[in-house]
Each structure stands twice: as structure tokens, then as C-alpha cells.
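S.K.: using only what follows, build the 3D model:
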Amino acid sequence: GWFQSSLLESCGTRGRAPFEAVLTHGFVLDEQGRKMSKSLGNAVSPQEVVKSLGADILRLWVALSDYGDDLRVGPETLKHQADIYRRLRNTLRYLLGNLDGFDAAERLAPGEMPELDRWVLHRLHGLDRLGRRCIDDFDFHTFYAALHNFCAVDLSAFYFDMRKDALYCDRLDSVRRRAARTVLDIAFDFLTAWLAPVLCFTAEEAWLTRRPDGESVHLRRFPEIPEGWRDDALAAKWDKVRALRRVVTGALEIERAEKRIGSSLQAHPRVYATPDFVAAMAGLDLAEIAITSDAELIEVADTEALPHDAFRLADVPGVAVVPAGAEGGKCARCWRVLPEIGDGPGQAEVCGRCQDDLRFIVRPAAHREAYRRRVAAEADLRAEMQRLGVVVITSIPEDNSPWICDFCNTQIPADNEYTLIPLLGSYALCPFCVTTIPYWPDGWTQPTPRACRCGACQTPLLEASLRERRRTGPSLDPPSPGAGIER
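M.R.: Numbering: from 1, shown residues only. Below you'll find the predicted structure:
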């Protein structure tokens, strides 16, 4: 046909083929492998597919088809492609919803992120390398099948599931939440670029929803991924972690089917694991990974020492799980079941973490604006604090108990870091009060008895007792909690 005649004509008149490269495919057949014909009534019209399902789903079928063999198409095939399309579109919708209000000031560098978020960056690095190689080799179905698997398994079923608690319940300035939103922003940029050649309308719609004043997604090039995102050791570690998690979720699914628990947050499983799995879990919170209210990891010497009545998976021989219910009440905000929550008089309705988050959320608008300023100028804040001699202590109090900010008298949970000001005799300040330091006149060195006010809301920050301490010099003994400094 056309291919043969154009090849012969060009070679005869120009001495070369009329194209740089050509991609051929097999016949398009129906779902039973029969040739399409009017007599059989099995023809599939592209116009009808576009009219009923949309052009993006037809293009997705082409991209996911292995053209090295005959191509089959029909109602069931297109229905399967529609399901794949729905998963890809829902991934973009989830990203858009959780990136509302995100800006560059909230971004974290990869080195400041937790391991889970850096693992996603590693997966993006691998997909980028695979995509560039597959596109050069015209192996489109391999890349887009891997991209669908990444969205459905790595993101939706794993990363999104684990990071829901951080996105919905953590403080706005928490490292975990900021890292998650940074990764979501990066993933959105890459997914829209990778999907644009196939899901043209969907990628454009998602891109312009997030950047309505930007140029079309089809004018972008594929983003370049830093080589530093690759971390094979981290990937191997998280392969172990995910394998352990599969055993835990398998055990909890049985508990849910038996109506012993309603959700995974009502569980407190005991996980028995061999040393290699325990080593992979070093520095990680098992309850966070399993999405339970609490969890216990118990090391055993080998697989023979695993409990025989525990739940196991044949392909994960080093892990066994004994499920149990969590004790306590349900937090009204994060839904975790904790001993500190109860129904009795005087008992809290929300857990300590949520209480801290709520105190932050309900601060006056001027204080929230001060927080936004702090995030926008975080680098300058660090430099200013260093100039003023501020030392940030990231360990918790030695007695593992809540402590009181010496500046605002607010009780702070024990797992929050505190800041020491050596020039004032090691007073402990909460993270919010630290953010106001750059707004104080001349830092800590001004000896005149003038009142200092917050640069955002003009609230008086230093009263007579603190001014007196500044004139008389620092004390060598740290103050008792909440004593000596008025709000």
C-alpha cells in the first residue's frame, strides 16, 4: 500500500527513505480475535468511541496496546481502559485537592524530608529514566503501564494512604505535612507532563486548574529530575517495609471481615519479625506505616520462632501478625483510639497532638499572618536567630513531660522541640514565640526599658520583669516552668 509505494518512489528519486523512522503495528481485531467486517457487525468506530467515552480513553487504549502483535478492541476492552483512565484522573484530583494554598515558601529540600517522601522522589527518578528510554524505543505501552501502576499502587494505595493523617491532622508548619505537600507538588508537575501526550484534554484541564495563568501543558518539556533523588539503598529498605506492611494489612482485613474491627485505626497489632525486617524498620513508626492507633514490633531470632497461630503470608516468610483491638477512646479529630481519650467527665475528647494543632489553628488572624511571614522568610529567620545567639534544641525534655513556654505560658506537648536563648539564661520558648524574635527591636541586646511588640499583631511581648532581667544580665540558672516572665 502507501508504505511500500512511498518507499519505492523516494528511494528511486532521492536515494533515501521518505521518513526518519516508521512504526508499524498488527491488524486491529475484535475481542475474539476476528477480523472486523460489516457482515459480522463487529466493527468499532473511533467516532462512536470518542462520542461515548471521550478521545482520551481511545488514545489511552492505543498507548497501552502492544503493537508488536495484533490489536484487539471491543466494549469490554474499552471498559477496562475507562477504569484505568478513572484511576489516573482520580490521582490528579487528589493532588489538586491537597495542593490548595501551596506555594514555594512551604517547600522543603529533599534532605529535610522523612524517608517515605524521599522514597517517592526515588520512584519518580526511576519512572523518568524508564519513560525516556521507552519513548526513544517507541515502547509506549511499557511506560504508560508502569505509570498507571505507580499511580494506582505506589501513590493511591500506599503513599496517599499513609500521608492522609499528616495532610489532614498535622499542624500547618509540621515537617511531615510540608514534606508531603512538596512531594505532591513535584508529582503533579511530572504526572501532567508525562500524561499530556496521551490524555491531552485531562492533563490540560488539571494543569490549568492549578496554574490558570500559565501556559498550556503541551508547551512544556518533560521536567529534568536531579540525579540526587536516586537512592537504591532507601528503595531496598522500603521494599522490606512494604512487605511487612502487606502482612499487617492482610491480618487486619480478616479482622474487618469478621466484624471485630471497623477500621485499621481500631487495631493494635503485635508484629513478630526476623532481624532483617526489624533493621528495616529502624527509625520508623510501625503504627504510622500500618495506619493503626498503636502497634508493637517484636524481634524473633528466625522464622521458626514466629508464633504458629499468627497470620502470615507465604511470600513474606519473616513476618507474623497477631491482631488485637486498641484500648481507649476515639479522638474526635484524628480518629485514633488512645488511652488518653475517654467518655467520662473531665476526660479529653481529642488527643494531645490534636489539642496542639487546634491551638495553632484558632490563633488570631494576626498570629496566623505572622506564621505565614515566618514560612516565607524561613532562611532569613535562621540567619537572624544565629546572629542573636539563639540555639534550637531538637530533643524533648529529659523527664519526657509537657513543658511550659517561658514567654506565653502555653503548655507544650513533650514531643515538641524547644528553643534556648543563652543571652537570657536558657529560657525555653515555644516554636511560635521563636518566630517573633526578628520583630523585636535590636533583638536581645537593647538595654532600654521599652516594651517590645509583635511586628504582626502589635501584642506586647516583653514586660517589666523581662526588661529588668535584660538590664541586670543573664541568669545562669534556668527558670522554673512559667515563672518570672509575664505574657
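S.K.: okay, CA-based contacts and neighbour counts for the rest of this
M.R.: Fine.
S.K.: the closest residue to Arg89 other than its chain neighbours: helix or strand, and which one exactly?
M.R.: Nearest-residue entry for Arg89: Thr202, 7.3 Å, with adjacent residues in sequence omitted and distances by CA to CA, 6 or more residues apart in numbering. Under the criterion of DSSP states H and E, Thr202 resides in helix 200-210.
S.K.: which residues does the most centrally placed residue in the chain contact?
M.R.: Nearest to the geometric centre of the chain sits Ala180, at 3.3 Å (CA atoms, centre = their mean). Counting by CA atoms under 8 Å, 6 or more residues apart in numbering, Ala180 touches Asp117, Arg163, Ala166, Leu167.
S.K.: quick one: low-confidence ranges for the stretch 1-150 of the chain?
M.R.: 1 (pLDDT under 70).
S.K.: helices along that one, start to end?
M.R.: Using DSSP state H, counting those that start in this stretch, the helices of the stretch 1-150 of the chain run over 2-14, 46-52, 55-63, 75-98, 115-136, 140-149.
S.K.: in the last one, which residues are buried?
M.R.: Pointing back at helix 140-149 there. Phe140, His141, Thr142, Phe143, Tyr144, Leu147, His148, Asn149 (16 or more other CA atoms under 10 Å).
S.K.: repeat that for the fifth one.
M.R.: Within helix 115-136, the residues that count as buried by 16+ other CA under 10 Å are 115-125, 127-128, 131, 134.
S.K.: can you give the distance from it to the centre of its chain?
M.R.: Centroid displacement of helix 115-136 relative to its chain, using CA atoms, centre = their mean, to the nearest Å, is 16 Å.
S.K.: mind listing residues that contact it?
M.R.: Contacts to helix 115-136, defined as CA under 8 Å, 6+ apart, come from residues 110, 140, 142-143, 146-147, 159, 179-180, 183, 187, 225-227, 229-232, 234-235, 238.
S.K.: that one vs helix 140-149, what angle?
M.R.: If you take axes from the mean of the first three to the mean of the last three CA atoms, to 10 degrees, helix 115-136 sits at 160 degrees to helix 140-149.
S.K.: the first one too?
M.R.: Orientation check (the same axes, to 10 degrees): helix 2-14 against helix 140-149 gives 130 degrees.
S.K.: circling back: among the helices of the stretch 1-150 of the chain, which comes closest to Ala243?
M.R.: helix 115-136 (14.5 Å; CA to CA).
S.K.: to Ala324, which of the helices of the stretch 1-150 of the chain lies closest?
M.R.: Of all those, helix 115-136 comes closest under CA to CA, at 26.2 Å.
S.K.: about what we covered before: go ahead and measure how far the helix or strand following the helix holding Thr202 is from the middle of the chain.
M.R.: Downstream of helix 200-210, the first helix or strand assigned by DSSP H and E is helix 232-257. Centroid separation for helix 232-257 versus its chain: 17 Å, with CA atoms, centre = their mean.
S.K.: would you mark the buried spots in helix 232-257?
M.R.: Under the neighbour-count criterion of 16+ other CA under 10 Å, helix 232-257 has 235, 237-238, 240-241, 243-249, 251-253, 255-256 buried.
S.K.: packing partners for the helix holding Thr202?
M.R.: Judged by 3 or more CA pairs under 8 Å, 6 or more residues apart in numbering; DSSP states H and E, helix 200-210 is in contact with helix 55-63, helix 75-98, helix 175-195.
S.K.: for Pro275, find the nearest of these.
M.R.: With CA to CA, the closest approach to Pro275 among the helices and strands packed on helix 200-210 belongs to helix 175-195: 27.5 Å.
S.K.: can you dump the C-alpha atoms of the closest one in PDB for me?
M.R.: Listed next in PDB are the C-alpha coordinates belonging to helix 175-195 (Å, rounded to 0.1, in the frame of the first residue of the first chain):
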ATOM      1  CA  VAL A 175       7.800  18.900  58.700                       C
ATOM      2  CA  ARG A 176       5.800  15.800  57.800                       C
ATOM      3  CA  ARG A 177       3.000  17.800  56.200                       C
ATOM      4  CA  ARG A 178       5.200  20.200  54.400                       C
ATOM      5  CA  ALA A 179       7.300  17.400  53.000                       C
ATOM      6  CA  ALA A 180       4.100  15.600  51.800                       C
ATOM      7  CA  ARG A 181       2.800  18.700  50.100                       C
ATOM      8  CA  THR A 182       6.200  19.300  48.500                       C
ATOM      9  CA  VAL A 183       6.200  15.800  47.100                       C
ATOM     10  CA  LEU A 184       2.600  16.100  45.900                       C
ATOM     11  CA  ASP A 185       3.500  19.300  44.000                       C
ATOM     12  CA  ILE A 186       6.500  17.600  42.400                       C
ATOM     13  CA  ALA A 187       4.400  14.600  41.500                       C
ATOM     14  CA  PHE A 188       1.800  16.800  39.900                       C
ATOM     15  CA  ASP A 189       4.300  18.500  37.700                       C
ATOM     16  CA  PHE A 190       5.700  15.200  36.500                       C
ATOM     17  CA  LEU A 191       2.400  13.400  36.000                       C
ATOM     18  CA  THR A 192       0.800  16.200  34.000                       C
ATOM     19  CA  ALA A 193       3.900  16.300  31.700                       C
ATOM     20  CA  TRP A 194       4.000  12.500  31.300                       C
ATOM     21  CA  LEU A 195       0.300  12.100  30.700                       C
END
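S.K.: that helix vs helix 55-63, what angle?
M.R.: On the basis of the same axes, to 10 degrees, helix 175-195 is oriented at 80 degrees to helix 55-63.
S.K.: low-confidence ranges in the stretch 301-450 of the chain?
M.R.: For the stretch 301-450 of the chain, applying pLDDT under 70 flags the ranges 343-347, 360-450.
S.K.: let's see that with 50 instead.
M.R.: By pLDDT under 50, the low-scoring segments of the stretch 301-450 of the chain are 393-396, 418, 420-426, 439-450.
S.K.: point me to the helix or strand that includes Ala301.
M.R.: Ala301 belongs to no helix or strand, assigned by DSSP H and E.
S.K.: am I right that it is in contact with Asp276?
M.R.: No. The pair Ala301 / Asp276 is not scored as a contact, 10.0 Å apart, by CA atoms under 8 Å.
S.K.: contacts only, for Val241.
M.R.: Val241 neighbours (CA under 8 Å, 6+ apart): Phe277, Ala280, Met281.
S.K.: residues in contact with the longest strand seen in the chain?
M.R.: Counting by DSSP state E, the longest strand found in the chain is strand 316-322. Strand 316-322 is contacted from outside by 243-244, 247-248, 251, 269-274, 277, 302-303, 306-307, 310-313, using CA under 8 Å, 6+ apart.
S.K.: at 10 Å what do you get?
M.R.: 240, 243-252, 268-278, 296-313 (CA atoms under 10 Å, 6 or more residues apart in numbering).
S.K.: same question, stretch 64-73
M.R.: Contacts of stretch 64-73 (CA under 10 Å, 6+ apart): 23-35, 42-44, 61-62, 81, 139-145, 148, 198.
S.K.: try 6 Å this time
M.R.: Contacting residues not belonging to stretch 64-73 are listed as His25, Gly26, Phe27, Val28, Leu29, Asp30, Glu31, His141 [CA atoms under 6 Å, 6 or more residues apart in numbering].
S.K.: which of the residues in it are buried?
M.R.: If you call a residue buried by 16+ other CA under 10 Å, then stretch 64-73 has these buried ones: Leu64, Ser65, Asp66, Tyr67, Leu71, Arg72, Val73.
S.K.: can I get the helices and strands packed on helix 200-210 in TSV with distance to Pro18?
M.R.: Formatted as TSV, these follow (distance: least, CA to CA, whole Å):
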stretch	distance to Pro18
helix 55-63	25
helix 75-98	34
helix 175-195	29
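S.K.: give me the neighbour count for Lys79.
M.R.: Residues contacting Lys79 under the criterion other CA atoms under 10 Å number 13.
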